[in-house]
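In: Got a sequence here, can you model it:
(chains A and B)
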Amino acid sequence: MKNMTDVFRTLRSYNRKNYRLYIMCTFLSTMLITAFGIMMYAHTVRQVLPEGGDSRKQVMMIFVLAAVGCLVFVIYGGSLFYRMKSKELGVLMALGTPKKTLADRLLKEISVLCLISGAAGSVAGIGVACVIWQIFRLCIVDSRQMQLAFDYRALLISLVFLAFVLLSAFIQGALFLKRTNIMEVVNESRRSEPIREVPSWYGALGVALVFVGAILGYGHSWFFIELLHWYPPAIFNILYLPMLIGLYMLMLRIVVRKGSKRHPYKGIIARNMMKFQGRQTVNNMLVLTVLLAGAAFGIFYIPMMGTNLLMSVQAWEYDYQFHYREDQDILGKIDLEGIAKEHGVTIRDYSDVPLINLAIDGEDYVDDDNNRYHYEYKEMLSEADFLSESGYEKITGENISIGKGCIGVVVNENTSSYNISRDVGLITNVETGENLSVKFQEELYHEMMAGRYYVLNDEDFERISAGLSDEWKETLISFRAEEDNYGFATALFNEIVDHTGTECEIPGYYDRVVKMRDEKEKGVYWADTEQATKISFSDRDSSDFRLYWKYMPQFRELETKDFVRSLAVFLMIFLFIAIICMAAAVLIAYTRCLTIAINNKQVFDDLARLGAGPKYLFRAVKEQIGKIYLVPTATGFTLMYILYLMIMYANDGGFSRNELVGVSVCLGAVFLLCAIVYAGYRFTRKKVLGILGISTKTGTTR
Amino acid sequence: MLKVKDLHKSYQVGKETYQVLKGIDLQVEKGEFVAVMGPSGSGKSTLLNCISSYIPFENGSIKLGGEELKDLDETALAGVRNEKLGFVFQDFMLLDGLSVRENILMPRIIKGTVGKEGEALADKLLEMFGITHIRHKYPADISGGERQRTAVARALMNSPYVILADEPTGNLDSKSSRAVIESFIQAKETLQATIFMVTHDSFSASFCDRVIILKDGQIYKTLVRKGKRIEFQDELLDEIKEMSGEE
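Out: Sure thing, here's the model as predicted:
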């Protein structure tokens, strides 16, 4: 050994475990973020979750939280790395190595470690994303829409994350070497991070702040938009901050909590050990809570969406219902019966009733400057579909009586005013300009047609539809099927799509009344631009098509059997989020527990010398590790569950039956997630017991 | 060789300021073996850390071979630590990843002057302190006494002006302690090394030429060894007893 290069190489080789730990932290974090980024920026996902949409914002929020969590994890890994190197660096300083020499070598070492592990993490992240995506395609659904297409922005995310990792490592290194007190550097590895006692009300205040943060964060947009008519900028999301502060206080309280008055010495080892690792433990537990809440968010989305859809389908009055424009060459009853016969299906209760598309009046949101908006009354606000009273009776078999100049609104218990307005006062024949003043008369309950149709008195219907061309007229077909099967449903669906012209290749929100107004006022209709979701007959199996096509038929067999296909992208995105967040959380908890074990090995050895048996030591380990897993798990899942309930309630001021079933299924999902966390805990506990040499089976300590 | 004048050092703990050294004056001549004793909190280790330039001090002066340490910048201080000072710590502070011989060579490696002459000196020191047989072993594989003798050998590698030893026998049994103290004496006699040692152990201190007793950040008394070691140890014990009685 002749020079410092040799010394550093030898020390590196000796301390390879420490290097491995740091490399692992950086590698895993970059891998998770890259995988998440690839998913986020995949063409399919961007199409399904349009820019500015709520789902996109929520996914983005979880992504940011996961990124922050991973960054905190890397910083934690960095601090462990420097602590482990502190004695070495302190001795070298004490022996007269200039700080500049150490800084140059250390920063070079850190750069190489970060870049290599980060690059490997990025590549592995691409692999992980591809593998999960392919597993999805193989096991669940394989459609053209589900093809994975990379976007360069995903790799940019990876690069930006890596830059942050590198920057944080540099800052940590610079701060470490900046210390003038060499003895502090030498003793860094022995330094504990005790946290001061906190008053007992910290816990209660923490919980209160969590709720305040949730209400402010979630409710502020409602307050500004509804009451002040102002769209608050994204910075206002800072109102969620009390949630994090509250969580921190809660964790702090849990970590420094004294023993109970009745059993003051129960769990004293775990409690005090935790207290003396305080700061890092609280930080880690906070990150774990956020990540586990993110995982719960991902998982909850699936049952909430799924149960709602499946329960609605179960309640449908007909097995088949579809509507088509009169100017389209769609199959007649005889053709339909022919296809049914081919598939051994008997059609019964067939009905075809006319529908007309009219313009309705209402208040329009008009955006002003400075994020403000105001309402403006428009006689022709949007397009709406109208049934005649007799048509409605034909479909439902009910007897209704809609008065002259009145309208009925078809609803079910989930229908809100967002779906269909009760305040229509004027309806207009777009082609003749003929209009009719109307007023809301009653709600008509029908599951299958809920939120879609208005019902007019027969006489009014006749009068207002006079002069309408086929473009504004439709037919609504409904029937039940005996010996119903998937083959028939698919064949019929394909026949309908094949017989529909490209002028009908439009999403459900495509509104010809708005189009006319926008083209007149702005020259272009937004839904005709590139930003709008594209519906393509060649992608008829995609989520976009199944969920958003304006003329998408409602076939019970198709909805039930193709449920996964229709929601494939959503399932994948949210499962992906859950997997990434869970993986990150378990990894962080595992690393933290292992660090505690390594740092406190001496304590356990001393306890064994003092006569503590394996059972006592096992309990001390269990209490320590259990707390690191249990507290964030309980807090994260409970918080997200409550947040979901709040969202459900805030949507329409109550809980519908479907929502109640959905949140019950979510509770089941919580148990599933808990089982995964428990498996992680058991694995970690086994590893820690191994490190500490505690064997409960043989009843010995090594 | 080492001259400390009116040295003041304080620590800030929260809003409180604790004056640890309150004007220390002392001088150590070449080839002298001096110990500093005193109760906990008397400022022994702080004094040593200031002389080592491990921690900064507010007022006073520390001169090493006539050079004022207070005026030196970081890089120059690193040079002083490498070439003009040798260190022996209570918990050895050997680099666990390096062998005994490599640890001894470290000051030369840092200086960038290993060469054949450096290697020969390392081998000579290994032999002098009776640790040649463990030269390829690692710190984790040798005893506490052997580790400390390795540290003494490392401290002598660059022929420093002064060896600063902080409780060098604090973690050792009596047999190993004696072996370490004997290595200091050997270094003093063979290499004319100057040794400045902080200790709470009267046995170790009794081997020194002079013992400075600190109390509350000030020099309480300086005792010079005149006769036999055992008599000097009794004198030290009496003095400490007397000092404690005063409290």
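
In: Assign the nearest residue to B:Ser10 once chain neighbours are set aside to helix, strand or coil.
Out: In space, and not counting its chain neighbours, B:Ser10 is closest to B:Gln19: 4.8 Å by C-beta to C-beta, 6 or more residues apart in numbering or on different chains. In short, each C-beta sits where N, CA and C put it, glycine included. Using DSSP: H, G, I helix; E, B strand; the rest coil, the structure places B:Gln19 in strand.

In: ok, how many other residues are close to B:Gln19?
Out: For B:Gln19, the count of nearby residues is 14 (other C-beta atoms under 10 Å in any protein chain shown).

In: contacting residues around it?
Out: B:His8, B:Lys9, B:Ser10, B:Gly217 (C-beta atoms under 8 Å, 6 or more residues apart in numbering or on different chains).

In: Give me the residues contacting the helix or strand hosting A:Leu547.
Out: Assessed by DSSP states H and E, A:Leu547 sits inside helix A:543-548. Helix A:543-548 is contacted by residues A:47-48, A:145, A:507-509, A:533-536, A:539-540, A:552, A:562, A:565-570 when judged by C-beta under 8 Å, 6+ apart.

In: how does it look with 10 Å?
Out: A:44, A:47-48, A:141, A:143, A:145-146, A:309, A:493, A:497, A:505-510, A:532-540, A:542, A:552, A:558-559, A:562-563, A:565-572 (C-beta atoms under 10 Å, 6 or more residues apart in numbering or on different chains).

In: and chain A, which of its residues are near chain B?
Out: Contact residues (C-beta under 10 Å from any C-beta of the partner chain) of chain A with chain B: A:1-16, A:87-88, A:90-102, A:180-187, A:190.

In: now those residues: which count as buried?
Out: A:1, A:4, A:7-8, A:10-11, A:15, A:87-88, A:90-99, A:102, A:182-183, A:185-186 (16 or more other C-beta atoms under 10 Å in any protein chain shown).

In: Which neighbouring elements make contact with the helix or strand of chain B with the lowest mean pLDDT?
Out: The helix or strand of chain B with the lowest confidence, counting by mean pLDDT, DSSP states H and E, is helix B:229-246 at a mean of 87. Packing partners of helix B:229-246 (3 or more C-beta pairs under 10 Å, 6 or more residues apart in numbering or on different chains; DSSP states H and E): strand B:33-37, helix B:202-205, strand B:210-215, strand B:218-224.

In: Just name the most buried of these.
Out: With neighbours defined as mean count of other C-beta atoms under 10 Å in any protein chain shown, those peak in mean count at strand B:33-37, which reaches a mean of 26.

In: Tell me which helix or strand comes right after that one.
Out: helix B:44-51.

In: can you tell if that following helix touches chain A?
Out: Yes: Helix B:44-51 lies within reach of chain A by C-beta under 10 Å from any C-beta, at B:Ser45, B:Thr46, B:Leu48, B:Asn49.

In: out of the residues you listed, who has the most neighbours?
Out: B:Thr46 leads these on contacts (other C-beta under 10 Å) with 24 neighbours.

In: Enumerate every residue touching it.
Out: With C-beta under 10 Å, 6+ apart, B:Thr46 has these contacts: A:183, B:7, B:9-11, B:20-21, B:24, B:54-55, B:57, B:198, B:214, B:217.

In: Narrow these to those in helices?
Out: Using DSSP state H, the subset of these located in helices is A:Met183.

In: any low-confidence regions in chain B?
Out: B:246-247 (pLDDT under 70).

In: which phi and psi does the nearest residue to B:Lys84 once chain neighbours are set aside have?
Out: Nearest non-adjacent residue to B:Lys84, counting by C-beta to C-beta, 6+ apart: B:Tyr161, 4.7 Å away. Main-chain torsions, B:Tyr161, degrees, to the nearest 10: phi -70, psi -40.

In: B:Tyr161 against B:Glu67, yeah?
Out: Yes: with contact defined as C-beta atoms under 10 Å, B:Tyr161 reaches B:Glu67; the gap is 9.3 Å.

In: Tell me the residues that contact both of those two, please.
Out: B:Val80, B:Lys84.

In: In terms of neighbours, single out the busier of the two.
Out: B:Tyr161 (20 against 13).

In: Let me know the distance separating the more buried one from B:Glu32.
Out: Going from B:Tyr161 to B:Glu32 by C-beta to C-beta, to the nearest Å gives 11 Å.

In: Return every residue with contacts to both of these two.
Out: With C-beta under 10 Å, 6+ apart, B:Tyr161 and B:Glu32 have common neighbours B:Met1, B:Leu2, B:Ala193, B:Thr194.

In: Which residue ranges of chain B form strands?
Out: B:2-13, B:16-28, B:33-37, B:59-64, B:67-68, B:85-88, B:162-166, B:195-198, B:210-215, B:218-224 (DSSP state E).

In: Excluding chain neighbours, what is closest to whichever residue of chain B sits closest to chain A?
Out: Proximity of chain B to chain A (C-beta to the nearest C-beta) peaks at B:Asn82, 2.4 Å away. Among residues not flanking B:Asn82 along the chain, A:Gly96 sits closest, at 2.4 Å (C-beta to C-beta, 6+ apart).

In: check contacts around the one you found.
Out: B:53, B:77-85, B:87, B:106-107, B:110-111, B:158, B:160.
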